[in-house]
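>>> fold the following, please.
(chains A and B)
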Amino acid sequence: EDQVTQSPEALRLQEGESSSLNCSYTVSGLRGLFWYRQDPGKGPEFLFTLYSAGEEKEKERLKATLTKKESFLHITAPKPEDSATYLCACGGSNYKLTFGKGTLLTVNP
Amino acid sequence: DSGVTQTPKHLITATGQRVTLRCSPRSGDLSVYWYQQSLDQGLQFLIQYYNGEERAKGNILERFSAQQFPDLHSELNLSSLELGDSALYFCASSVDPSGYQETQYFGPGTRLLVL
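Next up, the predicted model:
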């Protein structure tokens, strides 16, 4: 059974304090790893797709990286508007996305 | 705005009742996915349809069913509702799930409260 584990469950940062979120996965035949951002009561908003180990993607203050066992979402100099739950999901050989439980990020001004 | 629409936004009903949630995918997307999100379980995949046909099933209860119509919109039917069915229900869509996993774009969700 595919498994995705995210850590930490919650993270509090001061504005400008860089950090990383972790996503560890056990997936049969990885067909893609996805990062989403979710605000309370809203639908997940797509951030990145990574397909192979060594791949990196960047968008504004966010950078996602992928190895054979885990992915990191690096947040550089975060701002309060980056506060959200960040979800990691893996696509396996059965076309299903398996989601982690997310990391709740709070950035204080 | 992802381009995926869901109605209604909120739904309050009683135990034992039946409800229907509706989803319209992004223009051009052939696949529709349904997810349930509760506080303790996170996002759980329920079912996927591709161009009108069921493609994959997840942890969907027998009381739940879905279909995708010729115009590609989809409906999720929940029957004999129980208190534990209270959750956010999301629809997502993608172009075509063949080959690499296609990115799924999520709608705003339907919040279901069963009293």
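>>> low-confidence ranges in the chain?
In the absence of a named chain, this looks at chain A. A:95 (pLDDT under 70).
>>> please go with chain B instead
B:97-101.
>>> residue numbers of it in contact with chain A?
B:2, B:4, B:33, B:42-45, B:48, B:55-56, B:58, B:88, B:90, B:97, B:99-109, B:111 (CB under 8 Å from any CB of the partner chain). Glycine gets a C-beta too; all of them are placed from N, C-alpha and C.
>>> show me just the buried residues among these.
B:2, B:4, B:33, B:42-45, B:48, B:55-56, B:58, B:88, B:90, B:97, B:101-109, B:111 (16 or more other CB atoms under 10 Å in any protein chain shown).
>>> taking those residues one by one, which sit in strands?
Residues of those located in strands (DSSP state E): B:33, B:42-45, B:48, B:55-56, B:88, B:90, B:105-106, B:111.
>>> how far away is the residue nearest in space to the middle of chain B from residue B:90?
What sits nearest the mean C-alpha location of chain B, by CA atoms, centre = their mean, is residue B:34, with 2.8 Å. As judged by CB to CB, to the nearest Å, residue B:34 and residue B:90 stand 7 Å apart.
>>> repeat that for residue A:54.
In terms of CB to CB, residue A:54 sits 31 Å off from residue B:90.
>>> beta-bridge partners for the closest residue to chain B within chain A, please?
Distances between chain A and chain B by CB to the nearest CB are smallest at residue A:91, namely 2.9 Å. Here residue A:91 sits in beta bridges with residue A:32, residue A:97, going by DSSP bridges.
>>> name the residues that touch the helix or strand hosting residue A:20?
Residue A:20 belongs to strand A:19-26 when elements are defined using DSSP states H and E. Strand A:19-26 is contacted from outside by A:2-8, A:11, A:13, A:33, A:35, A:69-75, A:78, A:86, A:88, A:90, A:98, A:100, A:103, A:105, using CB atoms under 8 Å, 6 or more residues apart in numbering or on different chains.
>>> which of the residues you listed fall in strands?
Counted as lying in strands by DSSP E, out of those, are A:3-7, A:11, A:13, A:33, A:35, A:70-75, A:86, A:88, A:90, A:98, A:103, A:105.
>>> may I have the phi/psi pair for the residue lying closest to residue B:112 once chain neighbours are set aside?
Spatially, and ignoring its direct neighbours in sequence, residue B:112 is nearest to residue B:11 (4.9 Å; CB to CB, 6 or more residues apart in numbering or on different chains). According to degrees, to the nearest 10, the main-chain angles of residue B:11 amount to phi -150, psi 120.
>>> run a quick neighbour tally on residue 21.
In the absence of a named chain, this looks at chain A. 22 (other CB atoms under 10 Å in any protein chain shown).
>>> wait, chain B
21.
>>> so it touches residue B:9, yeah?
No. Look at residue B:21 against residue B:9 with CB atoms under 8 Å: they stay out of range, at 10.5 Å.
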